[in-house]
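*Asks:* After the sequence you'll find the predicted model.
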Amino acid sequence: MSVSAIFGSRVTLLPRTSFPSSGRVTSGGAPTKVGLVLECSSRPQKKATAHHRKTRPRKSQRWDIKRGPAVYPPLPALPPEWTLVTDDGGDTDAADGGAPPPVVEVVE
């Protein structure tokens, strides 16, 4: 597997003759050893959330900045969560008693 396949960009290796004579390059006053120089993307892409935050539509007009959220009518009442249906087709609640619980016999 090549290095460019791992990093997804071009990799530049400097030939031995392009190094300074001492083999060290100073960066900010501290000498560092140079062995491999990677040329990464000059314009890296943002990750998804960072991209959406940077490119989201902005409100620039005064009338749009002052505008509030939409007002919707209230939702209707929800139906009951459970409805017990018996064999005769009528609806009964659990408080009415309904059918007696089944009897379980244990035979040893």
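*Replies:* Cool, got the structure.
*Asks:* got the phi/psi numbers for residue 51?
*Replies:* phi -70, psi -40 (degrees, to the nearest 10).
*Asks:* Need the per-residue pLDDT for the residue nearest to it when sequence neighbours are not counted.
*Replies:* The shortest distance from residue 51 to any non-neighbouring residue, by CB to CB, 6 or more residues apart in numbering, is to residue 45 (7.6 Å). Placement of C-beta: from N, CA and C, glycine included. Note for residue 45: predicted pLDDT of 91.
*Asks:* go on, the one 5 residues further on?
*Replies:* According to the prediction, residue 50 has pLDDT 96.
*Asks:* Same question for residue 107.
*Replies:* So, for residue 107, pLDDT stands at 76.
*Asks:* Which strand or helix spans it?
*Replies:* Under DSSP states H and E, no helix or strand contains residue 107.
*Asks:* would you list every one of the strands in this protein?
*Replies:* 11-12, 24-27, 30-33, 37-38, 84-85, 91-92 (DSSP state E).
*Asks:* which of those strands has the lowest average pLDDT?
*Replies:* Lowest mean pLDDT within these: strand 91-92, a mean of 51.
*Asks:* Distance-wise, check residue 78 relative to residue 62.
*Replies:* 41 Å (CB to CB, to the nearest Å).
*Asks:* what does residue 47 give?
*Replies:* For residue 47 relative to residue 62 (CB to CB), the value is 34 Å.
*Asks:* cool, and residue 56?
*Replies:* From residue 56 to residue 62 the distance is 19 Å (CB to CB).
*Asks:* likewise residue 100?
*Replies:* For residue 100, the distance to residue 62 - CB to CB - is 72 Å.
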